[in-house]
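Visitor: sequence unknown, structure follows:
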């Protein structure tokens, strides 16, 4: 199975995009801003990755993006914020990919909303099967 995550914009409040599941539902994605692939501060490079269903002590069963250059433990999990903490923004991410049903404003910061619902629906739609994820940047 092949999926695409299309990054539509990036700013200090996060990198926003969309991903379509096999059931036709479209989810919003949120990652950290690009900061030269610096662990815990940056989104991962655009590219093609294998994604597997794994157990995480922090998140339970979830999808993990595999073989990211210079990075490990890149999960797809629920979160609302993905801002650059060095510029005073909030984040729930350390390089991972958050999914939401919508984008909006939460506490005066851009965010993805209804994240737990989105992750749950996404996981059900993919049936815990591995997939190939292509990440593309539409803003460059």
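Guide: Sure, I can see it. In this text, all values refer to a predicted model and were calculated from it rather than measured experimentally.
Visitor: which residues of this structure score low on pLDDT?
Guide: Within the chain, the stretches with pLDDT under 70 are 140.
Visitor: for the spatially most central residue of the chain, what are its contacts?
Guide: For the chain, the residue nearest the mean C-alpha position is residue 97 (1.7 Å; CA atoms, centre = their mean). Residues counted as contacts of residue 97 (CB atoms under 8 Å, 6 or more residues apart in numbering) are 5, 29-31, 65, 74-77. All C-beta atoms are positioned from the backbone trio N, CA, C, and that covers glycine.
Visitor: Could you identify which of these has the most neighbours?
Guide: residue 30 (29 neighbours; other CB atoms under 10 Å).
Visitor: who are the neighbours of the helix or strand that that residue is a member of, in terms of helices and strands?
Guide: Per DSSP states H and E, residue 30 falls inside strand 26-31. Other elements packing on strand 26-31 under the criterion 3 or more CB pairs under 8 Å, 6 or more residues apart in numbering; DSSP states H and E are strand 2-11, strand 14-20, strand 97-100, strand 102-106, strand 109-113, helix 115-126.
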